[in-house]
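Undergrad: sequence first, then the predicted structure:
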Amino acid sequence: MKIRKITLFILANLIGLSLFADGYQVNSQSARQLGLGHQGTAFKLGAESMLFNPAGLSFMNGSFDLSLGATGIMSKVKYTNTAGTYNAESDNPLGTPVFGYIGYKISPKFAVGVSLTNPAGNNLVWPDNWAGSHLVQNISLSSFSLQPTLSYKICEKLSVGAGLMINWGSFELSKGIMPVGYLNNFVNAVPSQYQSIITSTNTLSPMQVNLKGDAKTSYGYNIGILYSPTEKLNIGVSYRSKVKMSVEDGKASISYATPELETLLGMLAQASPTIATARALDEQKITAELPIPSNLNIGVSYKFTEKLLVSAELQYVGWKAYDTLRIQFPAFGAAGRQYIPKNFSNSMIYRLGGEYQCSSKFAFRLGFIFDSTPVDKSYYGPETPAANKISLTTGFTYKPTDILAIDFGFQYLNGIKISGKHPTTFGSFDGDYKTTAFLPALGVHINF
């Protein structure tokens, strides 16, 4: 009977573990290309082509190409309940995904290189005692990808490339075990001397669980082809495979809002299976799977004049990989193995951009992005709020010398307000979510 109660508790309440939604794929891995709507599939970018389209690496100028930089992600999410009588706002820390690319041209047709990027990440902090604290209080997710790459120029118009993606990462999530005010249900079930503890803490999340772990190394691949039928026109296709990252040795730990609540909840454990099974999770091992979706990119760039270049790109994201959340508490055997439907669909990102070469030292860029959401609004949670998103981007490159370039990019992201609901053992958590973000990026590019 105890195992059965634990099973029901995990199913009904820990589905708040849905860490992975369209908010965690990071598409800001180049300050230069961010200004163009983060396009690069149909470009000859030197070392940065390793991410966007490995085929472009063999077109690099000179023998050595280095690009380093970082993006700052300043994001905010606002929640409003269905009745419009309550709202909460996240206070997210600054996210800082980094990127680095080194390329070397072995011969006129053959180039090699290695890149380090952050393909996935998320930092989201809600108030500890907000209405949805039993779904999430804060979450931190990071992933790194090291990619050795080979590229070969078949002829002056056609090249191919491939890279091996070596991924690793970590995650941490904290959430309330039960909603704020839940203990009011037990006021009459405890001796009178303890009732004041409940009434004085009924605005707090009484018990929290913290889940953290490191993902073991996993592998994928990145391949591409680049075709230039004329000097002005480039057509590129690239594909990054899905990577399934696995946390095999995570840990759950329980904490309490006050020492008095810890004592009280120990007493209530005999009367409440929810409280009893929550306490049983303390110091338990957890395992989980973190899918990073596949990406198919098709791009076209055209140079209308010596100074003006225009480009368009489609990115097909394989979010179907997140159709089910898989999590297990090994100590509970089969009863602790849960497969929870998320029903994500594959989605499309549309990108447009233009670059104007003002002079030999300065280039200016503009871009537009529409990112469609894959989420099923019947399983919508506030861990990484998903929505259709519109972004405007801009940026520039300044070349103080022939071998050095300084790149700046900026993206304003506006998530279209979305309504969703999240089923829990305490009832459906419904409401509207609105996301905004600012992403400045700075990079340095050296080529000789």
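TA: Received it, and whenever you're ready, just let me know what you need.

Undergrad: now do stretch 176-194: distance to the chain's middle.
TA: The chain centre lies 36 Å from the centre of stretch 176-194; the measure is Cα atoms, centre = their mean, to the nearest Å.

Undergrad: repeat for stretch 51-70
TA: The answer for stretch 51-70 is 25 Å, by Cα atoms, centre = their mean.

Undergrad: how far does that stretch stretch from start to finish?
TA: End-to-end span of stretch 51-70 (Cα to Cα, to the nearest Å): 15 Å.

Undergrad: please identify the buried residues of it?
TA: Neighbour-count burial for stretch 51-70 flags 51-60, 64-70 (criterion: 16 or more other Cβ atoms under 10 Å). From N, CA and C alone the C-beta is placed, and that goes for glycine too.

Undergrad: show me where the stretch 301-448 of the chain has its strands.
TA: 308-317, 324-328, 337-341, 347-357, 362-371, 389-398, 404-415, 418-422, 429-447 (DSSP state E, counting those that start in this stretch).

Undergrad: now for the second one, which elements pack on it?
TA: Strand 324-328 is packed against strand 285-292, strand 337-341, with contacts defined by 3 or more Cβ pairs under 8 Å, 6 or more residues apart in numbering; DSSP states H and E.

Undergrad: can you list contacts of the longest one?
TA: The contact list for strand 285-292 (Cβ atoms under 8 Å, 6 or more residues apart in numbering) reads 17, 19-20, 25, 119-120, 141, 143, 167, 169, 171, 211, 213, 215, 220, 242-252, 321-322, 325-331.

Undergrad: alpha carbons of that strand, in CSV - could you do that?
TA: Below are the C-alpha coordinates for strand 285-292, written out as CSV (Å, rounded to 0.1, in the frame of the first residue of the first chain):
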residue,chain,number,x,y,z
LYS,A,285,18.2,9.1,-6.1
ILE,A,286,16.5,10.2,-9.3
THR,A,287,17.1,9.6,-13.0
ALA,A,288,15.7,11.5,-15.9
GLU,A,289,16.1,12.1,-19.7
LEU,A,290,16.8,15.5,-21.2
PRO,A,291,16.1,15.5,-24.9
ILE,A,292,17.8,18.2,-27.0
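
Undergrad: quick one on the thing from earlier: what about the buried residues of stretch 51-70, which are in helices?
TA: 51-52 (DSSP state H).

Undergrad: out of the buried residues of stretch 51-70, list just those in strands.
TA: 64-70 (DSSP state E).

Undergrad: paired strands for the strand ranked longest in the chain, with orientation please.
TA: Assignment by DSSP E gives strand 207-227 as the longest strand of the chain. Using DSSP bridges, the strands paired with strand 207-227 in its sheet are strand 158-176 (antiparallel), strand 233-240 (antiparallel), strand 243-256 (antiparallel).

Undergrad: okay, angle between the first one and strand 285-292 too, please.
TA: Angular relation of strand 158-176 and strand 285-292 on a 0 to 180 degree scale: 140 degrees, by axes from the mean of the first three to the mean of the last three Cα atoms, to 10 degrees.

Undergrad: what's the next secondary structure element after strand 158-176?
TA: Using DSSP states H and E, the helix or strand that follows strand 158-176 towards the C-terminus is helix 192-200.

Undergrad: so what touches that next one?
TA: 183-184, 186-187, 190, 258, 260-261, 264, 267.

Undergrad: try it again with 6 Å
TA: 183, 187, 260, 264 (Cβ atoms under 6 Å, 6 or more residues apart in numbering).

Undergrad: distance from that helix to the middle of the chain?
TA: For helix 192-200, the distance to the chain centre is 42 Å (Cα atoms, centre = their mean).

Undergrad: what of stretch 93-100?
TA: Mean-position distance between stretch 93-100 and its chain equals 12 Å (Cα atoms, centre = their mean).

Undergrad: excluding its own residues, what touches it? List them.
TA: Under Cβ under 6 Å, 6+ apart, the answer for stretch 93-100 is 26, 29, 68-73, 116-118, 121, 123.

Undergrad: so for that stretch, what gets flagged as buried?
TA: For stretch 93-100, by 16+ other Cβ under 10 Å, it's 95, 97, 99-100.

Undergrad: for stretch 233-251, same thing?
TA: 234-240, 243, 245-247, 250.

Undergrad: just the contacts of helix 192-200 now: which is nearest Ala437?
TA: Leu183 (36.2 Å; Cβ to Cβ).

Undergrad: skip the chain neighbours and tell me the closest residue to that closest one.
TA: Ile198 (4.8 Å; Cβ to Cβ, 6 or more residues apart in numbering).

Undergrad: same check on Leu439?
TA: Gln411 (4.1 Å).

Undergrad: what's the pLDDT at Thr80?
TA: Turning to Thr80, the model gives it a pLDDT of 96.

Undergrad: could you give the bridge partners of it?
TA: Here Thr80, judged by DSSP bridges, has bridge partners Asn87, Asp432.

Undergrad: residues contacting it?
TA: 87, 431-432.

Undergrad: most surrounded residue in the residues you listed?
TA: Counting neighbours by other Cβ atoms under 10 Å, Gly431 comes out on top of these with 22 neighbours.
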